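In: This is the structure alone, sequence omitted:
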Ligand SMILES: Nc1nc2c(ncn2[C@@H]2O[C@H](COP(=O)(O)OP(=O)(O)OP(=O)(O)O)[C@@H](O)[C@H]2O)c(=O)[nH]1
């Protein structure tokens with residue numbers, strides 16, 4: 001469900017590579033034109049110009065990984081093309097060592113691995129093809145040096161990227177989940193809402209937003225202590241999870257306030273789910289061991305289209321209805337209307353009123 005953002009370092013590294021190649025391209029163009037390597041010299045100049053153009057535009061590029069992929073193929077191919085020319089010294093092979101580092105840094109773990117496999121294999125083939133008759137280059141010591149060094153760089157690049165991606169996943173999880181309940185936190189709400197709204201509009205499906213607030217939670221804390229309050233919040237989150245369908249997402253917005261996104265549910269279905277959550281919570285005699293009072297919730301429901309077309313309007317409408325539910329006696333769900341009615345609903349003899357009495 002989470003969307004992995006583009007790692008920030010990739011754009012910076014791509015920019016650095018582009019700058020380096022545009023400078024090196026001009027340098028090698030001047031050298032190779034003098035040496036009579038006309039084809040290679042002009043290819044290097046073309047690569048240099050393309051790199052400079054990309055460098056100037058890289059901040060605006062959207063599909064950075066795709067651009068990096070499309071760039072690395074000619075870049076590595078030119079290195080191999082240069083190496084295959086017998087007039088180029090074998091010292092040029094050090095450029096091959098850039099292949100794993102740059103591929104992993106710019107393309108990530110598996111695309112980097114695939115790119116490295118292809119171009120390192122081709123580089124080995126070019127090396128053997130060019131030097132198979134040259135005992136100065138094809139001998140145990142030189143081969144061992146080249147292979148051990150290349151393998152070490154490949155392995156370190158792989159391990160680095162593997163741990164970087166793992167750390168990123170952990171950090172993403174920590175940043176997007178509420179530490180106490182494990183539900184999504186407020187930061188993910190607009191992002192997930194916008195994604196669900198796009199899908200709902202594309203598939204002409206309804207989408208509802210449910211705002212939930214526990215009733216008189218302060219009294220739970222005051223009477224039973226903060227730890228029991230925490231346990232109750234965890235139990236409520238588990239209770240919410242049990243009621244969700246596969247595509248629904250639940251968030252803890254802070255304190256004792258929760259939000260649920262219900263893709264595919266119109267007003268009535270969302271109201272019914274909220275009612276079922278409310279009733280089943282109110283029926284639980286002992287939500288957590290230390291708590292000898294029942295907990296209740298109030299909820300406001302808003303539906304895409306009928307109550308607004310964007311997050312701000314939908315949230316605001318659900319919030320107004322939640323407010324209305326609180327001021328109409330709590331322990332209820334409101335999915336229509338937005339102003340406090342003239343004849344305020346009589347506070348029913350709810351578990352929360354019972355809670356007030358008990359406390
Ligand atoms: N245990 C615990 N309590 C929290 C946490 N975050 C907020 N609270 C408490 O939740 C309580 C919320 O109180 P209020 O905003 O007055 O709401 P309420 O008592 O539920 O009253 P109504 O919402 O009007 O029914 C406060 O006492 C906060 O300290 C938390 O992470 N853990």
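Out: Yep, that arrived. These numbers come from a predicted model, not from an experiment.

In: what separates stretch 177-196 from the chain centre, distance-wise?
Out: 12 Å (C-alpha atoms, centre = their mean, to the nearest Å).

In: just stretch 64-78 next, same as before
Out: Distance, centroid of stretch 64-78 to centroid of chain: 24 Å (C-alpha atoms, centre = their mean).

In: For it, buried residues please.
Out: Buried residues in stretch 64-78, counted by 16 or more other C-beta atoms under 10 Å: 65, 67-69, 71-72, 75-76, 78. The C-beta positions use only the backbone N, C-alpha and C, and glycine is treated the same way.

In: Show the pLDDT at the residue in the chain that the ligand sits nearest to.
Out: Using C-beta to the nearest ligand atom, residue 229 is the residue of the chain that sits closest to the ligand, at 2.6 Å. pLDDT for residue 229: 95.

In: and if you look at residue 215?
Out: Per-residue confidence (pLDDT) for residue 215: 97.

In: tally of neighbours for it?
Out: A total of 24 residues lie near residue 215 under the criterion other C-beta atoms under 10 Å.

In: Repeat that for the one 3 residues further on.
Out: One way to gauge burial is a neighbour count; for residue 218, by other C-beta under 10 Å, it gives 11.

In: mind checking how far residue 15 is from residue 158?
Out: From residue 15 across to residue 158, the span is 24 Å (C-beta to C-beta, to the nearest Å).

In: Contacts only, for residue 67.
Out: By C-beta atoms under 8 Å, 6 or more residues apart in numbering, the residues touching residue 67 are 14, 54, 58, 61.

In: Check which residues of the longest helix seen in the chain are buried.
Out: Scanning the chain for the helix with the most residues, using DSSP state H, yields helix 140-176. Residues 146, 150, 153-154, 157-158, 161, 164, 176 are the ones in helix 140-176 that count as buried (16+ other C-beta under 10 Å).

In: same thing with stretch 188-203?
Out: When burial is assessed from 16+ other C-beta under 10 Å, stretch 188-203 yields the following buried residues: 188-189, 192-193, 196-197, 200.

In: In helices, which of the residues you listed appear?
Out: In helices, judged by DSSP H, the following of the buried residues of stretch 188-203 are found: 188-189, 192-193, 196-197, 200.

In: Make TSV out of these and add pLDDT and distance to the ligand.
Out: TSV is the format used below for those (pLDDT from 0 to 100; distance: C-beta to the nearest ligand atom, whole Å):
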residue	pLDDT	distance to the ligand
188	92	18
189	96	17
192	95	22
193	97	23
196	96	26
197	96	28
200	96	30
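
In: just the residues you listed now: which is nearest residue 211?
Out: Sorting these by distance to residue 211 puts residue 189 at the head of the list, at 10.7 Å, by C-beta to C-beta.

In: quick one: that closest one and residue 304, what's the gap?
Out: Look at residue 189 and residue 304: by C-beta to C-beta, they are 15 Å apart.

In: do the same with residue 297
Out: Distance of residue 297 to residue 304, given as C-beta to C-beta: 23 Å.

In: Up against the ligand, what does the chain have?
Out: Residues of the chain found near the ligand (C-beta under 6 Å from any ligand atom) are 180, 213-218, 221, 226, 229-230, 233, 255-256, 326, 330.

In: Can you turn the buried part of these into a PyMOL selection?
Out: Applying 16+ other C-beta under 10 Å to the residues of the chain next to the ligand leaves a buried subset, and the PyMOL line that selects it is:
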select buried, resi 213+214+215+216+217+229+233+256+326+330
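
In: Residue 284: which of the residues of the chain next to the ligand is nearest?
Out: Distance to residue 284, by C-beta to C-beta, is smallest for residue 214 among the residues of the chain next to the ligand, at 12.5 Å.
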